[in-house]
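Peer 1: What follows is a predicted protein model with its sequence.
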Amino acid sequence: MCGIAGATAKSDQAFLADALKLLSHRGPDDQRIWRDAKNGCALACARLATTDHSSDGAQPMASTDGRFVLVFNGYIAGHRHMLEALEKEGVSPRSHSDAELVLHILAETIKRNANVADALSKLSGQYALALWDCDQARLYLARDPLGIKPLYVMKRPDGHLAFASEIDALSAFKMLQRDTQVQPEYFAHLFVPSPATGSVDVTLLLPGRVLCWQGGKTANSQMTHPAKRNVSPQARVGNQNDLVETLRAAVSQSVGDALDADCSVGTLVSGGLDSAGVAAMASAIARERGQAPPTGFVMGFVDPARDETGAARTLATHLGQELHVVPAPEKPPEIFDELQKALHSIGAPFANPSVVLMGRLSREVGCHVKVCLSGDGGDELFGGYPRYQAGRLFDQYWCHLPVSIRRLAAQMFGTNNSRNAARFLSGAQGGVEQAFGVWNNRCAVAELNAGLVNWGRGVDDTDGLAAAMMAFDRDVILPGNQLMMSDRIGMAFGVEYRLPLLGHDVVRVAAGIDVAQHLRGGGKDIWRKVVDPYLPKGHVNRPKIGFNPPTADWLAKVCAHVWGGEDTIRAALFDGFDVPKDMRRIYWQRAVSGRAPDVALTLWALMVWQVWARNGSAESQRVSDKEPPERSGAGITGPTS
């Protein structure tokens, strides 16, 4: 894993060293810059050496003929086998790094005038890359189809562009200006969905996108998503035992590939199914290879209702893992400090409070290992969220009731039921599009006018509402939320999180299983059967807790720490937003009561927005484009709302 950056304009080369410094946490092992003296393009890489520590694996990496130069952030599953296959064909790799494999594949693809997106579609892994063709003065930028690794692109004068693994590094080229137009989508999703970033003139390359730049003009192509390379619909409902074995084989292969590193490797563990299943398979594979099981890490909570350390210890003992329990932050100053650091790493408003836990956890993980396996993606692929059950209920029964009856049920019972029931009735009183919009919008304050991002895909042309929500979560929410945390927060401490459940074959197999089979038994039915043989007895039936802090409690603590008394808190929290004073009081009291988690999460998002905006405006401004910057920092300016 690495931090990469570059620019096409010769006048921007002077800023690249500063951009590289701002990425040094992503690559503490080596930092290098390559410049094309003739055409002006420059590429930089801060390297975290996880495969081939020798200088042969250093980046930027040039092809043997000098025509192509690559910077690559990520890893390619099974790259050693592919390099061995190349050797049998007469190619002599200079290293055993996956970057060299990618360089060779792309160089040969371009020489044949073949499609770069098609070539990359055949590679499983997580990556972002930049390839410069010296002969054609052409730049290729690409991001993996699951959106695991990031690549930010900034518009520069005269059609030029700059790019980097993180937004902050782009502040080396130009003072960043906040883009407040992202508010509706931010409050709906609790993050800024791509391609927007929260900064003007900066976009996040969409998952699977290949951007080709030449002479100030750009063209885009798209990789084939692994979920779309499926068997026919008639074959999706197969024999359950066959489905279990097929998925188990795909996950096992993906976990084995993720363990392939020339450095220490760990795993996250939990009382749930996803990280626990990955850790269990990784331990079994390590033993087969004659290695010790990877070190385990779990977050510990004081509140027994949130703490999974007991189950994690039982699991670690069962697997033979050494286990590190990392205590969750409790005091307001440490919670706020972790939040500020996370917002700086992400460079945009990000309202998932778990990012605070991720920071504390990653700091400890980074003290022990460079690579850590995680179970991200399991809920989205295997049907783990309760909303999917609501979608299934709507598909099977509710949508067949007359709209008048559904609306009457919402009016009569919507406010006197549990949170989930009330949400179901509110969304299900209309058509499928209304249900999709209500159930996926996380905002509970109507005055914020939150709205979902344009997905570019409807609901009616899918296999039903449940399937549409699973695809939406996989393709939009997962990259913007969990994967954002894994990359930015992990790499802030030099930790490469690898996500075996997002291996391309795993995604393909999971998408080829009918949603109804995933959702049996409350969800994750196939996945439970896949991992059950690896786990302690009864582990697969443990209730889901999740990696979630006490949001209402944290909101009250942090707001009091930052702003003081309740009147001051409300004034600061809603500053710039058209929310009546009486409603401000009601929203605040509901949020901190602990009985309205949706309101608490929305007000946490408001707090994050205000902290992000004010920290940005307080930053010392960058110098002009004509002079290199002298300090690191977010450098974001602009109106607060």
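Peer 2: Received the coordinates, thanks.
Peer 1: How much space separates residue 459 from residue 80?
Peer 2: Per C-beta to C-beta, to the nearest Å, residue 459 is found 42 Å from residue 80. (Each C-beta comes from the backbone N, C-alpha and C, glycine too.)
Peer 1: Which one of these two is surrounded by more residues?
Peer 2: residue 459 (21 against 15; other C-beta atoms under 10 Å).
Peer 1: isn't there a helix covering the more buried one?
Peer 2: No. Counting by DSSP: H, G, I helix; E, B strand; the rest coil, residue 459 falls outside a helix, being coil.
Peer 1: and it, what does it touch?
Peer 2: Counting by C-beta atoms under 8 Å, 6 or more residues apart in numbering, residue 459 touches 432, 433, 436, 465, 468.
Peer 1: Am I right that residue 218 falls within a helix?
Peer 2: No. Using three-state DSSP, the assignment for residue 218 is strand, not a helix.
Peer 1: who does it bridge with?
Peer 2: residue 213 (DSSP bridges).
Peer 1: That one against residue 211, yeah?
Peer 2: Yes. Counting by C-beta atoms under 8 Å, residue 218 touches residue 211, with 5.8 Å between them.
Peer 1: Who has more neighbours out of those two?
Peer 2: The neighbour comparison of residue 218 against residue 211 (other C-beta under 10 Å) goes to residue 211, with 21 against 14.
Peer 1: List phi and psi for the residue nearest to the spatial centre of the chain.
Peer 2: Ranked by distance to the mean C-alpha position of the chain (C-alpha atoms, centre = their mean), the top residue is residue 483 at 1.3 Å. Main-chain dihedrals, residue 483, degrees, to the nearest 10: phi -70, psi -30.
Peer 1: Please look at it and residue 380 and confirm they touch.
Peer 2: No. Counting by C-beta under 8 Å, residue 483 stays clear of residue 380, with 10.4 Å between them.
Peer 1: How many residues are close by residue 152?
Peer 2: 24.
Peer 1: residues in contact with it?
Peer 2: So residue 152 contacts 163, 164, 165, 166, 167, 169, 170, 197, 202, 203, 204, 205 (C-beta under 8 Å, 6+ apart).
Peer 1: hmm, which helix or strand of the protein has the shakiest average pLDDT?
Peer 2: Least confident helix or strand of the chain, by mean pLDDT, DSSP states H and E, is strand 636-637 with a mean of 28.
Peer 1: Among the contacts of residue 459, which one has the most neighbours?
Peer 2: That'd be residue 465 among those, by other C-beta under 10 Å, with 28 neighbours.
Peer 1: Just confirm it contacts residue 435, I think it does.
Peer 2: Yes. The pair residue 465 / residue 435 is scored as a contact, 6.0 Å apart, by C-beta under 8 Å.
Peer 1: Between the two ends of stretch 36-49, how far is it?
Peer 2: Terminal residues of stretch 36-49 lie 25 Å apart, using C-alpha to C-alpha, to the nearest Å.
Peer 1: Now it: buried residues?
Peer 2: Buried residues in stretch 36-49, counted by 16 or more other C-beta atoms under 10 Å: 36, 39, 40, 41, 42, 43, 44, 45, 46, 47, 48, 49.
Peer 1: Point out where the stretch 501-641 of the chain drops to low pLDDT.
Peer 2: 616-641 (pLDDT under 70).
Peer 1: how about the helices in it?
Peer 2: Here the stretch 501-641 of the chain has its helices, by DSSP state H, counting those that start in this stretch, at 504-511, 515-518, 525-531, 551-563, 566-573, 581-593, 597-618.
Peer 1: still on that earlier bit, go through the contacts of residue 152 and say which is closest to residue 255.
Peer 2: Closest approach between those and residue 255, by C-beta to C-beta: residue 165, at 25.4 Å.
Peer 1: which non-adjacent residue is nearest the residue nearest to the centre of the chain?
Peer 2: residue 148 (5.3 Å; C-beta to C-beta, 6 or more residues apart in numbering).
Peer 1: Could you give the number of residues near that neighbour?
Peer 2: For residue 148, the count of nearby residues is 26 (other C-beta under 10 Å).
Peer 1: separation between it and residue 46?
Peer 2: Residue 148 is 18 Å from residue 46, by C-beta to C-beta.
Peer 1: next one: residue 200
Peer 2: 26 Å.
Peer 1: what's the answer for residue 350, then?
Peer 2: Taking C-beta to C-beta, one finds residue 350 at 22 Å from residue 46.
Peer 1: who does residue 34 bridge with?
Peer 2: With DSSP bridges as the rule, residue 34 is bridged to residue 43.
Peer 1: Is it in contact with residue 68, as I believe?
Peer 2: No. Judged on C-beta under 8 Å, residue 34 makes no contact with residue 68 at a distance of 11.3 Å.
Peer 1: bridging residues for the nearest residue to residue 258 once chain neighbours are set aside?
Peer 2: Spatial nearest neighbour of residue 258, excluding adjacent residues (C-beta to C-beta, 6+ apart): residue 498 at 4.2 Å. For residue 498, the beta-bridge partners are residue 373 (DSSP bridges).
Peer 1: Hmm, residue 498 is touching residue 260, no?
Peer 2: No. With contact defined as C-beta under 8 Å, residue 498 does not count as touching residue 260 (9.6 Å).
Peer 1: So for those two, which sits in the more crowded spot?
Peer 2: residue 498 (32 against 19).
Peer 1: residue contacts, the more buried one?
Peer 2: Counting by C-beta under 8 Å, 6+ apart, residue 498 has contacts 75, 126, 258, 371, 372, 373, 374.
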